[in-house]
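K.L.:
sequence first, then the predicted structure:
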Amino acid sequence: MRRPTAGTAFVLTTALLLTGTAGPAGAAPADPFTAFANQDVAWGPCAFTADPDALPSECAVITVARDWAAPGNGRTMQVSISRVAASGEHLGSLLINPGGPGGQGTSLPGVLGALQPQLHERYALIGMDPRGTGQEGGTTPETEKCEVPLDRLSARTDLDARDRSADSIAEHLKQPRAIAEACQSEALAPYITTWQTAHDMELIRLLLDEPKLDYLGYSYGTWLGAKYASLFPGSAGKMVLDSSVDFQGRLQAAFEAWPPINQRLFDDTFLPWMTRVFPAEVGATTEEAAANWERARDFYASAGVSPDAYDSIFVGMGAPIRWVLGAAIFVMGVSGANGETGAPTDSRLAPQLDALSRERFDVPLAELTPSVAAAALADDPEDYALIPTTRYAVACNDQPTRTAGWYQRLSDRQGPEYPLFGWQYGLSEPCGFWSDAPRQGLPQLPAEVAGRVLVVQGEFDPQTGYEQARSAVRAAPGVSLVSVDDSPFHGQYTFDGNPCVDGMVNVFLLRNSRPGTLTCPGVPLPGESEVFPVSGPVRTPGAATMTASSVAPLPELRASVQARISEMNAPR
């Protein structure tokens, strides 16, 4: 079994010294992996139900230290991993993380292998259900979910963050305070962090007997991958960071950017798209569409849907299915405001709308009415009783947090300029009430690793803003950036069906030829056959305009996983 490299040992020594867990003066700290790296990995059937189009996977459960800063205290945790072995000559192991924080990823290798046969030929594709998330399709996580007492939450179902009265603000703050207190009370919460998970990844590398671990991470997975490479630079191989946060800055800054990036998407991309696809329903100009969106908001409020809940539907629309959902709710709201009952059955999106209506509203599109849509969207306090611990433990434990007062002032500043989510975000952030200080520091990406990192970023991504990725690249000289012009989607490689992006990443992973900083064209929006350019932060357009005929086929498998990645990284 290979041991960590010299570079790895140096970083580990530094980290242990910083946390005060090093050995006696003059003695080198013990290798934290000694008691774990020789365990048997028993590959067998997976607990999750694989998609029929995915390749078969095998799974195993490994034992990791509960606290890698004190690995010898006898307290451990279980982490589930999966594998799809290379079909040809083995080039290495590629660990895949879908983000979250806390997204389970053991089902991803089978999906990625089916959609990228070239990659499957050379790589063992590795999935992981990160610590605290249990086993996908099987055992529940050790942390389960934070049980938030319902009597600590607001009983109101008409909350509207635009209401700046003292009573409204107090009602809004009940939820983040209760979530923070419930999640912090979990005994394992202090050990659910990026620092700890990065050490789990290093153990996985050792157990796979790989000299280096290659990596593909989406969304929060870009932060995790960058911090793994920062903590273990000698172990990190080629790193693909797709839909990236600013991994050289603050993780929370990515969440704090949701109001501006979602307002930009809504105003500059979504509303113009609605006028092209549904002009008869919402209007032929963006001004008409914006006015009708407000009328729909008022209709749903009169039908028992809180304005906050309505606004949130149009936040984090990082996958085509979310656009279709937003369109359906928007159109039905306008219909309700007009006193009508019909659904747009003659739309070019009618097949997608019908499938969504059956899944989300339990009726075919022909039977969907504004009242049915409103009843399905109405607030239910029970929805907030169980909160994913991992999501907030990681986000709030990784770095020092801002105070609740700071977030309230952020709401006051962002609301007038970004009303879609600016009023609401600053009143809903649990990290503002998080009292525990970080236990370990997270270093920045060292120069020796930068040449092995490729960042891929959509221009109008509403979940990790383009400016976040650009800032990280500028702060890490040597990292390459592939921008995707006009793209509003979250998760570009493989799941968006963009041949330019897929080609760039595959050449990097398979031929070790990393592109420089360049731009790929985006793919058409749902129901459209061409891309309508929008002015934004990408200054150099793609080399060619993408049309529907030039986009790789988007089978159900591709679309469903893209929706899943977007959903697990959406605002909560």
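P.N.:
Looks like it arrived, so ask away.
K.L.:
distance from the chain centre to the helix or strand harbouring Ala373, please.
P.N.:
Ala373 is located in helix 370-377, with elements delineated by DSSP states H and E. Its chain's C-alpha centre and that of helix 370-377 lie 28 Å apart, by C-alpha atoms, centre = their mean, to the nearest Å.
K.L.:
and for stretch 466-473?
P.N.:
16 Å.
K.L.:
what residues are up against Val394?
P.N.:
100-102, 192-194, 197, 220 (C-beta atoms under 8 Å, 6 or more residues apart in numbering). Every C-beta, even on glycine, is put in place using the N, C-alpha and C of the backbone.
K.L.:
actually Glu256, sorry about that
P.N.:
410, 425.
K.L.:
likewise Lys174?
P.N.:
152-154.
K.L.:
what kind of secondary structure is it in?
P.N.:
Assigned by DSSP: H, G, I helix; E, B strand; the rest coil, the conformation of Lys174 is helix.
K.L.:
roughly how far apart are it and Ser168?
P.N.:
11 Å (C-beta to C-beta, to the nearest Å).
K.L.:
hey, what's in contact with both of the two?
P.N.:
Joint contacts of Lys174 and Ser168 (C-beta under 8 Å, 6+ apart) do not exist.
K.L.:
now the buried members of the contacts of Lys174.
P.N.:
When the contacts of Lys174 are checked for burial by 16 or more other C-beta atoms under 10 Å, the buried set is 153-154.
K.L.:
distance to Ser487, pLDDT and secondary structure added to the contacts of Lys174, as TSV?
P.N.:
Listed next are these as TSV, based on distance: C-beta to C-beta, whole Å; pLDDT from 0 to 100; DSSP: H, G, I helix; E, B strand; the rest coil:
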residue	distance to Ser487	pLDDT	secondary structure
Arg152	40	88	helix
Leu153	37	88	coil
Ser154	37	90	coil
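K.L.:
got the contacts of Lys174 as a markdown table, with distance to Arg539 columns?
P.N.:
Formatted as a markdown table, these follow (distance: C-beta to C-beta, whole Å):
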| residue | distance to Arg539 |
| --- | --- |
| Arg152 | 48 |
| Leu153 | 45 |
| Ser154 | 44 |
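K.L.:
of the contacts of Lys174, closest to His90?
P.N.:
Distances from His90 to those, taken as C-beta to C-beta, are shortest for Leu153 (51.4 Å).
K.L.:
ok, that closest one touching Ala178?
P.N.:
Yes: proximity of Leu153 to Ala178 meets the contact threshold set by C-beta atoms under 8 Å, at 5.8 Å.
K.L.:
now do the contacts for Ala393.
P.N.:
101, 132, 143, 183, 186, 189-190, 192-193.
K.L.:
if any of those are buried, give me the PyMOL selection for them.
P.N.:
Selection of buried members from the contacts of Ala393 for PyMOL, criterion 16+ other C-beta under 10 Å:
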select buried, resi 101+132+143+183+186+189+190+192+193
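K.L.:
narrow the contacts of Ala393 to those in helices?
P.N.:
Cys183 (DSSP state H).
K.L.:
just give me the closest of the contacts of Ala393 to Gln408.
P.N.:
Gln408 has its nearest neighbour among these in Cys183, at 20.0 Å by C-beta to C-beta.
K.L.:
list the contacts of that closest one.
P.N.:
Applying C-beta under 8 Å, 6+ apart, the residues near Cys183 are 146, 189, 387, 389, 392-393, 396, 430.
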